[in-house]
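Visitor: Sharing a model that was predicted from the sequence below.
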Amino acid sequence: QVRLVESGGGLVQAGGSLRLSCEVSGRTFSACAMGWFRQAPGKEREFVSGIGVSVRSTYYADSVKGRFTISRDNAKNTVFLQMNSLSPEDTAVYYCAAKNAILPTYVPIRRREYEYWGQGTQVTVSS
């Protein structure tokens, strides 16, 4: 059984930082492309960032580019999302997702491409 468990969410003031983690079990983590999505109240779940099997392959939504950094540690079966310069617009539930990789450099950006999902972690940014 594949399991993704997010952690690191919380309440932070605007301009602050948080680091989200997602630990994967039940799959060969190193063979998975990983992604972060978020869903704000009343909005669709949207892509935030993704990383391929190759750690050099990363992709960011325009809204977070330059502020967020995705990384992975295959030894710990964990993907991270470092979030800096947070604003109230970043408030959402953040979800981790995994997909069996097609190519090492491929980074899925569509929700429907991902096969496994975590339960989400709440991030709230106060003004």
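Guide: Received, thanks.
Visitor: quick one: secondary structure of the residue nearest in space to the middle of the chain?
Guide: For the chain, the residue lying nearest the average C-alpha position, counting by Cα atoms, centre = their mean, turns out to be W36 (2.2 Å). What DSSP: H, G, I helix; E, B strand; the rest coil gives for W36 is strand.
Visitor: Quick one: residues contacting the closest residue to it other than its chain neighbours.
Guide: Leaving out its chain neighbours, the residue that sits closest to W36 by Cβ to Cβ, 6 or more residues apart in numbering is V48, at 4.4 Å. C-betas here are computed from N, CA, C, even on glycine. Listed by Cβ atoms under 8 Å, 6 or more residues apart in numbering, the contact set of V48 reads 35-38, 60-61, 64, 68, 81, 94.
Visitor: from those residues, which two are the most distant?
Guide: Comparing all pairs in those by Cβ to Cβ, the longest separation belongs to Y60 and Y94, at 14.0 Å.
Visitor: Out of these two, name the residue with the larger neighbour count.
Guide: Ranked by neighbour count (other Cβ atoms under 10 Å), Y60 and Y94 place Y94 first, with 23 against 19.
Visitor: secondary structure element for that one?
Guide: strand 92-100 (DSSP states H and E).
Visitor: Counting neighbours, which bits of that strand end up buried?
Guide: The neighbour-count check on strand 92-100 (16 or more other Cβ atoms under 10 Å) flags 92-99 as buried.
Visitor: Dump these to CSV, plus distance to G118.
Guide: As requested, the buried residues of strand 92-100 are arranged in CSV below (distance: Cβ to Cβ, whole Å):
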residue, distance to G118
A92, 14
V93, 10
Y94, 9
Y95, 6
C96, 4
A97, 7
A98, 9
K99, 13
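Visitor: from these, which is closest to C22?
Guide: Nearest to C22 among these, with distances taken as Cβ to Cβ, is C96, at 3.3 Å.
Visitor: hang on, the closest one packs against F80?
Guide: No: the pair C96 and F80 fails to qualify as a contact (Cβ atoms under 8 Å) at a distance of 9.9 Å.
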